[in-house]
Structure formats: C-alpha cells, structure tokens
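Undergrad: Sequence first, then the predicted structure:
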Amino acid sequence: MRKLVTFSIAVTLMVMLVGFSINTLAEGVHVDPAFIKVVSVEKPLVIDGVLDEIDWARRYDYLVFNAKKVTGDVEYAPTGGVQVTGDYIDTTTTYVKFMHDGLDLYISLDSDDKSVGKFGTSWEGDGLFMKIKDANGTAVEYKLYFNLGGVDPDIHLELPGLYPTSGSGAAFKKAGTVVNDTTQIDAGYTAEMVIHLDELGYTDPYAEIEVMINIFDPDNYCGTDDPYKTTGVYYKQWWGSEWGSEFRTLKLADPPTRKAYATETVITLDGQLNEDFWAGAKSVVIGVDAGLSTGGYYMQWGDTLNSYTDRSDAIVKFMHKGTDLYIGVESNDASVCKWSPGWEADGLFLWMTNYGSVPAAGERMEIKAMYFTGTEGDGISFELSGTVPTGAAEGASFEPSGTVTHTETNGPDAGYSIEIVVHTADFGYQVGDTVMLSACIWDLDYASADAFTEGVSDYAPNWWGTQWADPGFEKYFMYRGVILSPDASAIDDNPTQLISDFKLYPNVPNPFNPSTAISFEIPTKTQVRLDIYNVLGQHVNTLVNTRMNQGYHSVVWNGMTKDGQSAPSGIYFYKLSADQMTKVSKMVLSK
C-alpha cells in the first residue's frame, strides 16, 4: 500500500507570558524530540571540559540551543525559550551532547557565547541548569554554570543535596574568553559533566532517564549589582520545560559488546532462523525507535514535507560455532525494496575488521546482504568488497508469506529475515576474541520502480556502531564488539549488572502496521510463553513457547494469527508468562 503524503508546516508561535515572550521556533524538521538515544563511549572520559575525546566528535543525535537555529540531520531543537529582558542580539549556539559508560551519564556543552559570565547578583549564569529524576521518580537539580563573582572565575558545579557525591564537572574557556568581563568579546566555552546514575538508584545500564535541560545565556550583566541593567540581555531555552513540570527522556542505549554464545549445531543457511539456538541468542534491536542501537538517519532527499511512516525495527542476533560467527536478522519492514534511483536497498550492510586493526576509509571491508536487484520477488544479493577475503562470508534471506519484494501493489509486506555466516578465522580471530564490526540496517520505503515518488519515497538507515566514515558524513569509525564466547549457556553481557527482575517492555512501534517488536527480560533460564489476545480475550497467536536463557530478548509479531491470517485492526494484548509470573500489556494494530 502506498504511503499517504503528510504535509508538516513549521508553525511560528507568538505567545506572550507575563513579562516574557516565547521565542519563534526555528523552521526545521527536528524540533523537540521526545527522547534522545544516548550512545556508549569507547572508554571512560576525562572530565576536564576540553572535549578532546573522539567520542564527542562522532555523529549521533544531540540538541542545539539557539533562538534562530535551523536544525538538520542529527541536530534537534529544544522545546521552547524565553527572552527574560533586553534585545537578544548575541544568538549564542550551544550544542548539548550525551553519552554514557554503563550508569555514568556524560553531558557536554559547546558554546560560542560572546559574553560569558553571571547574571548580576542572581544565582544564575551562563551554562546548564537541569533536573533529573532519580530511580524513585524524585526530581533533583544539577547546575553547571558560570555564576561565581570576581575576575575570570571557573565554572561552578552544584550537586543536589540528596546526592552530594553523584557527579563532577569542568569547563574550558576558549582562547579570548574572560569570564565576567563585559569590556571585550568572548569566544565561548566548552564544558562537561558526569552524573553517576547508580548513586541515584538506577541499576539497569539501559534505563530511560527523565530530564529537563535549561541553557542560560545572560549577556553583559557582569560586574553590576543590578541584574536588570538596561545594557544587559538575558535569553534562555529549555528541553522539556523551564522549571521541570514537563520532562524529556534520555535512553541509555548502544551496548558496546554482545556475546555470541557457542553452539555445536551447523546452521542451515536459508534465512529462516528456525534453528533452536536462535531462541537464546543475544541481540541488539536496530531501528529509529529502538533503545539498543547506536544511531540513525532519516533521509528526506531535501524534501521537508516528507515523513517517515514505516518505522521498521530489525532484531540482529549473534551465535557462533567455533570461529564461524552466525548473524541473524529479523525485520518487520512493511515495504521491502530497492531505492529505484540509486544503489541503496533494504537489508544488512556489515563492516568488518581484521583482528587488532581498523581499516582505513579506502580499505573498508564490506559485507552486504541487501535487496539490490529491483526485480519483483527477488531475495537478497550477497556481496563482498574486494578487501574481504574470498569466501569469508555467505548469506541467504527468507521472505515470509505476505512479502513480495520490489513492488507496492500487493499491500504491506510482512518483513524479512536474513542469516549470515562470517568465517572470522579469515580475519584473524579465534574463539574467545571480540570481533569488531559495525552493522547497518537500511530501510527503503515505497521506493520500488512501480511506486517511487518524490515526497513519498524515503529511507532511514540505522546502525549499531557506525554507518559510514568519510569527511562529509562521519569522520570516525565506531565499531562494536561481538564476543566469540566459549559459553553455551546464557550469561549476561555485564556480569556486574545481572538481570534480577522479570520485565515486559512496551512494544515498538505502537500503534503499528503490520509488525512490532516485543521485548522482555527474564532473571533466570526458564520456560517462557508469549501469547497474543484480542480485546475479546480470544487467543490470536503464540509467539514464544520454549525454554529461554536469562537476559534480554526481543520478538517480532508480524500481525498474523495462528492460522496464518492477517489480524484485523484493533486493540490487542500480549501476555508474558515465566516462572509462575505473568505480565500483560496493550498494543494497537492500525491498518
């Protein structure tokens, strides 16, 4: 079924508050995200404010605080802003980025502020004011700003009274910046801080953290007892709300490693993932809404009226037999096709490395299992770049009933699955090593030759690691590790953070059409059953009924009944049962 074009028109808000005026929202695509995915660092950061780690320069979603900023690609605008007083001319840009190392949350600021200092005699100053909810839901305050008096003071970190040792922060003044000196033009500053979320009661390294973030920008107020002097200007913006009545979400995401458990079973390379070992495999979910992947990119080809409606997810699983790494992909993509004007196509684009080395940009080692042909009904094409050893990988796809590739005339597709074997010994790896790779899932929608239309056809690649590396896109590769574990039983990736609870997560996406991913965690190896019921309580399908390993699991429901029929639109319930425990949640199938 073809996508309906939706026209989103940037709206200018002219709203007056008591004594304040809300800023005109920048005309851009990425305004006020409900959440930002927080990627993992390669190694713990040094909190010195300099931002010289490569991690900060990599390409992932971040916030841009600027009254006139037009956002693009991975840049997102905050919720709102207010001109407290004066005529705001400075129009400072402050980039706010997030990363994490387990339960250490890192936040950085990069500002070009031309007047750095405090707001007269007030408690406020240039920098960050934020509220964050602890694990019990209590909002506490962190402040990292230039609010100290005197000549050229350092930035000041204020920690919440409930958690007085829960973080640290520092700043670096760019050359030419003298804090609290209004006689010259500053060059801005950078700053970084870390919040130890475990001290706030969090135990899940992939938790969702509620925050509000406010960036202050008072200009030309330093050295006066009058915080409202006539030559001063004060502007501030926030993500969420100014004082914390509305919060946004930071999703701790992007596991740096996943274990590939050992199996003695030789895979049948048919793309179906019907071997028993897949049920206990570790995985990441790659997609724009998924919490376990690194990042993504919604490609509009310059058409701001376009919108990404088929927000597909792919579960990427890992197992191994000796040095043969098995990779399985299960996607709920409703439009399986090739991008008609170009080479891009749905499927898996894998970057490989040799043991102990990272290829240069011109030596990239590419494994592609993608729907390249454009011919109706075709499966994937499997391609190796010339830098990959001959025969070092092989793969196959499976298209379930309901999926007809490279055409939109048959209605929504039912997704696809892929199996790949990578002979890692050809890259120098042995059992016990960590195979460094990067996995990108391309999602081309409504782009087959019989459907391609400007403003309708689109795509959104998402990845675990890095999608690409060149001067115009991503300067640095970021590889993730798949451990060729000698273990055949399920042991969590992080033994210090063993899963100790029985959890059922909200399905993604919701509402959905035709497929959705249901994720859950179990604390021990046990018999697990996952069933679907309609609003009348009638049993619709059983997705899982097997013994599963301890840990995180994700299962795709493709909207089909147990009889192989397409389920009608409506409200459904999914019920997870394990170890005499049961959890139920609701979802909506909307066709």
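TA: Yep, it's here.

Undergrad: Show the model's pLDDT score for the nearest residue to Asp313 once chain neighbours are set aside.
TA: In space, Asp313 comes closest to Gly287 once its chain neighbours are excluded; the distance is 3.4 Å by CB to CB, 6 or more residues apart in numbering. From N, CA and C alone the C-beta is placed, and that goes for glycine too. On pLDDT, Gly287 comes in at 90.

Undergrad: Please report phi then psi for Gly287.
TA: The phi/psi pair for Gly287 (degrees, to the nearest 10) reads phi 180, psi 170.

Undergrad: Contacts only, for it.
TA: 293, 296, 311-314, 441, 443, 462, 508, 517 (CB atoms under 8 Å, 6 or more residues apart in numbering).

Undergrad: Try it again at 7 Å.
TA: Residues near Gly287 by CB atoms under 7 Å, 6 or more residues apart in numbering: 293, 311-314, 462.

Undergrad: how close does it sit to Ser515?
TA: Separation of Gly287 from Ser515 (CB to CB, to the nearest Å): 11 Å.

Undergrad: With Ala488 instead?
TA: Taken as CB to CB, the span from Ala488 to Ser515 is 31 Å.

Undergrad: Comparing the two, which residue is more hemmed in?
TA: Taking neighbours as other CB atoms under 10 Å, Ala488 and Ser515 compare with Ser515 leading, 25 against 14.

Undergrad: residues in contact with the more buried one?
TA: Counted by CB under 7 Å, 6+ apart, Ser515 has contacts 332, 334, 415, 556-559.

Undergrad: Now the residue lying closest to it once chain neighbours are set aside: phi and psi?
TA: In space, and not counting its chain neighbours, Ser515 is closest to Asn332: 2.8 Å by CB to CB, 6+ apart. Asn332 adopts backbone torsions of phi -100, psi 20, taken as degrees, to the nearest 10.

Undergrad: Equivalent analysis for Trp339, please.
TA: phi -80, psi 110.

Undergrad: thought it was touching Asp443?
TA: No. Between Trp339 and Asp443 there is no contact, the gap being 10.5 Å when judged by CB atoms under 7 Å.

Undergrad: Spit out the residues that contact the two alike.
TA: Tyr459.

Undergrad: and those two? which has more neighbours close in?
TA: With neighbours defined as other CB under 10 Å, Trp339 and Asp443 compare such that Asp443 has more, 30 against 23.

Undergrad: how much space between that one and Gln83?
TA: Distance from Asp443 to Gln83, by CB to CB: 41 Å.

Undergrad: again, but for Ser241
TA: Taken as CB to CB, the span from Ser241 to Gln83 is 17 Å.

Undergrad: residues in contact with the strand of greatest length in the chain?
TA: Looking across the chain with DSSP state E, the single longest strand is strand 208-219. For strand 208-219, the surrounding residues in contact (CB under 7 Å, 6+ apart) are 65, 90, 92, 94, 96, 105, 113, 115, 119, 124-133, 145, 197, 232-242, 244, 246-252.

Undergrad: got it, and stretch 338-350?
TA: With contacts defined as CB under 7 Å, 6+ apart, stretch 338-350 is touched by 329, 333, 336-337, 367-372, 374, 380, 406, 418, 437, 439-444, 447-449, 452, 459.

Undergrad: Which ChimeraX command selects the buried ones in those?
TA: One line in ChimeraX is enough to select the buried ones among these; burial here means 16 or more other CB atoms under 10 Å:
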select :329,333,336,337,367,368,369,370,371,372,374,380,406,418,437,439,440,441,442,443,444,447,448,452,459
